[in-house]
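J.: No sequence on hand, only this structure:
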Ligand SMILES: Cc1cc2nc3c(=O)[nH]c(=O)nc-3n(C[C@H](O)[C@H](O)[C@H](O)COP(=O)(O)OP(=O)(O)OC[C@H]3O[C@@H](n4cnc5c(N)ncnc54)[C@H](O)[C@@H]3O)c2cc1C
């Protein structure tokens, strides 16, 4: 019997026949994610039903020194969930469900395979808001969202995934279970170990359960789409809105004119405002839309008096709100029109984003004249996105464009990944954002938690 056959036999004994799918029987969807990284050829797909089964499976894979790649909803954009040849994929899809909503603690406990939208709905049913939200909410799951420390549209008000987690249950590479299902906001009893696993893209442990923080449910937000005098005016508008609406700015999304034009043409979305130097989509979290609506409008009028806002459309209905957000969410349609293209997700200190965009635009135009570069992003969180249409589909062209953009990011002391993670796609560029000593410490942590290197090898570091 070969080494692989013995391994599979042991895994079948631990998880049952339905828990282990082998080679050709693995459906194509488990071989890739949304990143476009070529599909892998895993030797098996594991489908555990419980933490005990995850623990048993990892202990066996550890003994056989066989790599394991955790999979959630496979919506990741950095290639981090794609298994390579000879590796084992482990999906959390059979570990799905909300186990508890604790109304006194304002927490929700869910299994790692629970879709984000299911968590949001369960919270809403009990009068709470689970505020972590992004476009892939229907497919992305708790374990994947936390392992990538996902951000999305509400970070400016509620923070990234990290800030929505009070407790985690995690299985280490050798099968050890860490039961850290804390429900309290204050807990300084030693190191905050859960933070190691949030954002580590399945390289340090497998998340099996999470205690998530809930927020009070709010009424429908006040939403406006604004034409703004330019990037610097947009930053002043953000600070004015934060001063006047104290703690209630719920979103602050920026669109440069090229992006706005593309969204209204390729994205087939209505253009509520005409040509302008810059566009901002902002909203205010409200308890009482009547009273808060007046404060929101007064803030916009003050911004107009100061010459920051040139024109504004305030949503009068849910349909208006949806149509404004459709502009910001038109990226999949835009990308399908611009192939071959690259999608960037970077951070730059907010005050310098405008200047950095002009640098990138100038350098890209000088190198490849006439190509589309569409800039937009969650600028309230310093997060810039760029969709860049490549001059051709050669790998060398993509690499040159990536290097050019990431060098500019590095010069502005930014981050090459704001919210999508490193995976395999950005791994070659990590040193442009993190120092040699930081990367060395990451390797030390990896070695301590996963000495045989079986958890998602080749990703992040
Ligand atoms: C349409 C669309 C819009 C998006 N918008 C945003 C956005 O606005 N903001 C944003 O931040 N991101 C966004 N994303 C990307 C985002 O990173 C992913 O949607 C999400 O975080 C990954 O969740 P998933 O369940 O699909 O994980 P997967 O893609 O399956 O896995 C992602 C990573 O997590 C690891 N992993 C999965 N489950 C576990 C587990 N239980 N334990 C340990 N590791 C695990 C995997 O190994 C992999 O490294 C978007 C993606 C899409 C497709």
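T.: Perfect, thanks for sending it. Predicted model, so just to flag it, every value in this text is computed and none were measured.
J.: contacts and neighbour counts: CA atoms only from here.
T.: Noted.
J.: show me where the stretch 101-250 of the chain has strands.
T.: 107-111, 128-129, 165-171, 177-180, 206-213, 215-216, 219-228, 249-255 (DSSP state E, counting those that start in this stretch).
J.: okay, these in TSV with distance to residue 458 next?
T.: Shown next, in TSV, are those (distance: least, Cα to Cα, whole Å):
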stretch	distance to residue 458
strand 107-111	27
strand 128-129	36
strand 165-171	20
strand 177-180	24
strand 206-213	16
strand 215-216	37
strand 219-228	42
strand 249-255	34
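J.: Buried ones in stretch 192-210, by neighbour count?
T.: By neighbour count on 16 or more other Cα atoms under 10 Å, the buried set for stretch 192-210 is 194-195, 197-210.
J.: who in the stretch 101-250 of the chain is up against the ligand?
T.: When proximity is defined as Cα under 6 Å from any ligand atom, the stretch 101-250 of the chain approaches the ligand at 112, 134-136, 140-141, 143-145, 147-148, 150-152, 201-202, 205-208.
J.: Restricted to buried residues, select those in ChimeraX.
T.: Selection of the buried residues among those in ChimeraX, burial being defined by 16+ other Cα under 10 Å:
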select :112,134,136,140,141,143,144,145,147,148,150,151,152,201,202,205,206,207,208
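J.: phi, psi of residue 90?
T.: Per-residue torsions, residue 90: phi -130, psi 110 (degrees, to the nearest 10).
J.: I meant to write residue 344 there.
T.: Torsion angles, degrees, to the nearest 10, at residue 344: phi -110, psi 150.
J.: give me every residue that touches it.
T.: 384, 385, 386, 387 (Cα atoms under 8 Å, 6 or more residues apart in numbering).
J.: so which of those is the most crowded?
T.: Counting neighbours by other Cα atoms under 10 Å, residue 384 leads the contacts of residue 344 with 25 neighbours.
J.: show me what contacts it?
T.: Here residue 384 is in contact with 344, 345, 346, 347, 348, 353, 375, 376, 377, 378 (Cα under 8 Å, 6+ apart).
J.: Would you format these as CSV with distance to the ligand and pLDDT included?
T.: As requested, the contacts of residue 384 are arranged in CSV below (distance: Cα to the nearest ligand atom, whole Å; pLDDT from 0 to 100):
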residue, distance to the ligand, pLDDT
344, 12, 97
345, 9, 97
346, 11, 98
347, 12, 98
348, 16, 98
353, 18, 98
375, 15, 98
376, 12, 97
377, 9, 94
378, 9, 94
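J.: Which of the residues you listed fall in strands?
T.: Among these, the members found in strands (DSSP state E) are 344, 345, 346, 347, 375, 376, 377.
J.: just to revisit the earlier point, which one of the contacts of residue 344 is nearest to the ligand?
T.: Comparing the contacts of residue 344 against the ligand with Cα to the nearest ligand atom picks out residue 385 as the nearest, at 10.1 Å.
J.: what's the angle from the host helix or strand of that closest one to strand 249-255?
T.: Element membership for residue 385, per DSSP states H and E: strand 383-389. With axes from the mean of the first three to the mean of the last three Cα atoms, to 10 degrees defining the directions, strand 383-389 sits at 30 degrees from strand 249-255.
J.: Is strand 383-389 positioned near the ligand?
T.: No. Interface with the ligand: strand 383-389 contributes nothing (Cα under 6 Å from any ligand atom), its closest point being 9.9 Å away.
J.: so what strands line up beside that strand?
T.: If you go by DSSP bridges, strand 383-389 pairs up with strand 341-347 (antiparallel), strand 373-377 (antiparallel).
J.: still on that earlier bit, and the contacts of residue 384, which two are the farthest apart?
T.: Across the contacts of residue 384, no pair lies farther apart than 344 and 353, at 13.9 Å, counting by Cα to Cα.
J.: mean confidence for stretch 122-141?
T.: Averaged across stretch 122-141, pLDDT comes to 96.
J.: What residues sit buried inside that stretch?
T.: Neighbour counts over stretch 122-141 (16+ other Cα under 10 Å) mark 122-124, 128-134, 136-137, 139-141 as buried.
J.: and it, how far from the chain's centre?
T.: How far stretch 122-141 lies from its chain's middle: 14 Å, per Cα atoms, centre = their mean, to the nearest Å.
J.: Please list all residues in contact with residue 68.
T.: Contacts here follow Cα under 8 Å, 6+ apart; on that basis residue 68 touches 58, 61, 83, 87, 88, 89, 90, 454, 455, 456.
J.: Of those, grab the buried ones for ChimeraX.
T.: Those of those that count as buried under 16+ other Cα under 10 Å are selected in ChimeraX with:
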select :58,61,83,87,88,89,90,454,455,456
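J.: Quick check: mean pLDDT of the strand holding residue 385?
T.: Across strand 383-389, pLDDT averages out at 97.
J.: After it, heading C-terminal, what element do we hit next?
T.: Immediately after strand 383-389, counting by DSSP H and E, sits helix 395-411.
J.: got a pLDDT number for residue 289?
T.: As predicted, residue 289 sits at a pLDDT of 84.
J.: oh, I was asking about residue 333
T.: Value listed for residue 333 in the pLDDT field: 89.
J.: Using neighbour counts, pick out the buried residues of stretch 444-461.
T.: 446, 449, 450, 452, 453, 454, 455, 456, 457, 459, 460, 461.
J.: Take these and keep only those in helices.
T.: Per DSSP state H, helices hold the following members of these: 446, 449.
J.: which intervals of this protein have sub-threshold pLDDT?
T.: Residue ranges of the chain with pLDDT under 70: 1.
J.: Compute the distance between the residue minimising distance to the centre of the chain and residue 24, please.
T.: Geometric centre of the chain, nearest residue: residue 150, 3.0 Å, by Cα atoms, centre = their mean. Separation of residue 150 from residue 24 (Cα to Cα, to the nearest Å): 32 Å.
J.: Same check on residue 376?
T.: On the measure of Cα to Cα, residue 376 and residue 24 end up 41 Å apart.
J.: more crowded one of these two?
T.: Counted by other Cα under 10 Å, residue 376 and residue 24 do not tie: residue 376 has more neighbours, with 25 against 11.
J.: how about JSON lines for the contacts of residue 384, with distance to residue 251 added?
T.: Below are the contacts of residue 384 laid out as JSON lines (distance: Cα to Cα, whole Å):
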{"residue": "344", "distance to residue 251": "20"}
{"residue": "345", "distance to residue 251": "18"}
{"residue": "346", "distance to residue 251": "18"}
{"residue": "347", "distance to residue 251": "17"}
{"residue": "348", "distance to residue 251": "18"}
{"residue": "353", "distance to residue 251": "18"}
{"residue": "375", "distance to residue 251": "17"}
{"residue": "376", "distance to residue 251": "14"}
{"residue": "377", "distance to residue 251": "11"}
{"residue": "378", "distance to residue 251": "8"}
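J.: Thank you kindly, that will do.
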